[in-house]
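J.: Pasting a predicted model and its sequence here:
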Amino acid sequence: QCQGRMEAIGNPQTLREHLRKVESRMGELEKYYSAAVLAQEVLLKAKQELQRRFAPRISQRAQELFAALTGGRYQRIALAEDLSVSTAAEGEDTLRGSLWRSDGTADQMYLALRLAVWEVLAPECPIVLDDALIRFDQKRMERAMDLLKELSEKRQILLFSCQEREKEYWNRM
């Protein structure tokens with residue numbers, strides 16, 4: 001019985017060699033883990049720095065653009081630390097997320113945010129908007145087209161749409 005147990009355990013030299021390999025692999029994995037933890041810390045600090053440096057400017061510009069897109073109905077837009085967006089209409093004291101808004105208003109909010117990020121973070125680059133106005137009613141689309149025309153005087157905007165109404169409005173302008 002003892003002989004069977006010893007054979008099941010294996011040769012002590014083979015076991016030591018296997019243990020050495022496992023410990024070596026653990027050492028390698030610990031290095032990867034340490035590198036991953038360090039990378040997470042650096043990315044978190046970079047995110048916080050970006051938020052500190054850019055979030056106020058992006059929020060301010062998005063608020064201006066959102067007010068223009070909504071004809072002044074929405075005067076406040078806020079970019080939270082987790083990069084979620086909230087808005088308040090004229091007369092509202094509480095900022096609310098996009099779930100509280102109509103689809104058209106939520107799309108206006110996100111368009112304002114995209115345009116603000118573009119202006120603040122990529123001032124030399126063109127912007128590509130693909131069906132960005134698709135859920136806008138006619139009045140919202142016209143306000144957005146007016147704003148895009150104004151912005152396009154200084155920077156390139158590529159607007160793609162599956163509808164003809166943007167093209168027709170542009171031609172009338």
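T.: Arrived safely, thanks for sending.
J.: Neighbours of the residue nearest to C125 when sequence neighbours are not counted, how many?
T.: Nearest non-adjacent residue to C125, counting by CB to CB, 6 or more residues apart in numbering: W118, 7.3 Å away. C-beta: built from backbone N, CA, C; applies to glycine. Neighbour count of W118, defined by other CB atoms under 10 Å: 20.
J.: Surely W118 touches I127?
T.: Yes: with contacts counted by CB atoms under 8 Å, W118 reaches I127, the gap being 4.7 Å.
J.: Figure out the helix or strand that the residue nearest to C125 lives in.
T.: Using DSSP states H and E, the element containing W118 is helix 103-121.
J.: Would you map the helices across this structure?
T.: 2-9, 12-69, 103-121, 138-152, 165-172 (DSSP state H).
J.: quick revisit: report the inter-axis angle for the helix holding W118 versus helix 138-152.
T.: 10 degrees (axes from the mean of the first three to the mean of the last three CA atoms, to 10 degrees).
J.: Run the chain-centre distance for helix 103-121.
T.: Remark: helix 103-121 is offset 11 Å from the chain centroid, using CA atoms, centre = their mean, to the nearest Å.
J.: and it, C-alpha only, in PDB?
T.: The C-alpha coordinates for helix 103-121 follow below in PDB (Å, rounded to 0.1, in the frame of the first residue of the first chain):
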ATOM      1  CA  ASP A 103     -35.300  60.900 -28.700                       C
ATOM      2  CA  GLY A 104     -35.000  64.100 -30.700                       C
ATOM      3  CA  THR A 105     -33.800  66.100 -27.700                       C
ATOM      4  CA  ALA A 106     -31.400  63.300 -26.700                       C
ATOM      5  CA  ASP A 107     -29.900  63.300 -30.200                       C
ATOM      6  CA  GLN A 108     -29.500  67.100 -30.000                       C
ATOM      7  CA  MET A 109     -27.700  66.700 -26.700                       C
ATOM      8  CA  TYR A 110     -25.400  64.100 -28.200                       C
ATOM      9  CA  LEU A 111     -24.800  66.100 -31.300                       C
ATOM     10  CA  ALA A 112     -23.900  69.100 -29.200                       C
ATOM     11  CA  LEU A 113     -21.500  67.000 -27.200                       C
ATOM     12  CA  ARG A 114     -19.900  65.500 -30.300                       C
ATOM     13  CA  LEU A 115     -19.400  68.900 -31.800                       C
ATOM     14  CA  ALA A 116     -17.900  70.300 -28.500                       C
ATOM     15  CA  VAL A 117     -15.500  67.300 -28.200                       C
ATOM     16  CA  TRP A 118     -14.500  67.900 -31.800                       C
ATOM     17  CA  GLU A 119     -13.900  71.600 -31.300                       C
ATOM     18  CA  VAL A 120     -11.900  71.200 -28.000                       C
ATOM     19  CA  LEU A 121      -9.900  68.000 -28.700                       C
END
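J.: Lovely, talk soon.
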